[in-house]
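[1] here's a sequence, model it:
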Amino acid sequence: MLGGTFDPVHLGHLRSAVELHEALGLDRVHMIPAHVPPHRRAPGVDAARRLAMLEAGIGDTPGLVADDRELRRQGPSYSGDTLASLRRDYGARARLVMAVGADAFFKLHQWRDPQRLFELAHVVVIDRPDHRQALPAEVNRLIAGREVDTAGALFARSAGGVLHLRLPSRMAISATGLRERLAEGRSVRYLLPRAVEDYIRVHDLYRWQELSG
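    A predicted model of the protein is given here:
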């Protein structure tokens with residue numbers, strides 16, 4: 001499970017999903033757009049269009065799935081509820097992973113019922129080379145005894161572990177920066193898939209403006 005607002009989905013999101021799939025030998029990566037993010041402002045583009053952009057961006061990429069389960073659920077998009085839904089689909093013995101970025105991991109203790117996350121899945125933290133901040137004490141208590149060093153050790157159980165993973169192609173692409181570029185009519189070529197760029201242009205999202213000349 002790799003969640004986010006995907007507003008819009010970009011090459012950093014997609015490349016991270018591909019490398020996560022490869023590094024852990026996963027059957028598939030469910031990329032799940034949030035309907036109502038509980039910890040941030042609601043996206044400016046509606047859920048159906050964010051899902052359509054995600055589907056366009058993934059295309060026929062092996063192992064990646066655009067999953068609309070949070071969009072079909074009313075209320076805030078809590079990760080525990082999403083993992084419970086995946087657990088029902090795949091069964092008690094399946095090895096489930098929730099991938100989170102380093103920034104989100106540092107606030108894990110502020111999530112709704114964080115202990116439940118470990119009852120349902122493993123947590124894989126996508127570390128950043130430039131992120132060296134000490135973990136809050138609350139997070140240290142939450143993950144005490146759960147950290148492992150390898151995917152093999154992680155998958156010895158179906159849930160409950162923590163693995164830090166540094167992906168080889170950490171692209172410094174920001175969805176906020178992309179929205180600003182689009183609003184100003186600047187180029188976003190090679191920052192997001194061409195299919196997503198075309199969708200944004202056709203549907204006039206993010207105040208798309210054609211570049212003069």
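
[2] residue 61 touches residue 15, doesn't it?
    No. Using CB atoms under 8 Å, residue 61 is not in contact with residue 15; the gap is 10.2 Å. Just so you know, the C-beta spots here come from the backbone N, C-alpha and C atoms, and that holds for glycine as well.

[3] nearest residue to residue 197 in space, please, no chain neighbours.
    If the residues on either side of it in the chain are set aside, residue 197 comes closest to residue 188, at 6.0 Å by CB to CB, 6 or more residues apart in numbering.

[4] test my guess that the one you found contacts residue 182.
    Yes. The pair residue 188 and residue 182 passes the contact test of CB under 8 Å, sitting 6.2 Å apart.

[5] please enumerate the strands of this structure.
    Chain-ordered strands for the chain, with DSSP state E as the definition, fall at 2-4, 29-33, 64-66, 97-101, 122-126, 147-148, 162-165.

[6] those: which one's closest to residue 46?
    Put simply, out of the strands of the chain the one that sits nearest residue 46 is strand 29-33, at 10.5 Å, with distance taken as CB to CB.

[7] partner strands of that closest one and their direction?
    The strands beside strand 29-33 in its sheet (DSSP bridges) come out as strand 2-4 (parallel), strand 64-66 (parallel).

[8] avg pLDDT for that strand?
    Looking at strand 29-33 alone, the average pLDDT works out to 97.

[9] among the helices and strands of the protein, which has the poorest mean pLDDT?
    Taking mean pLDDT, DSSP states H and E as the measure, the helices and strands of the chain show their lowest mean at helix 102-105, namely a mean of 91.

[10] check contacts around the residue nearest to residue 197.
    Under the criterion of CB atoms under 8 Å, 6 or more residues apart in numbering, the contact partners of residue 188 comprise 178, 181, 182, 197.
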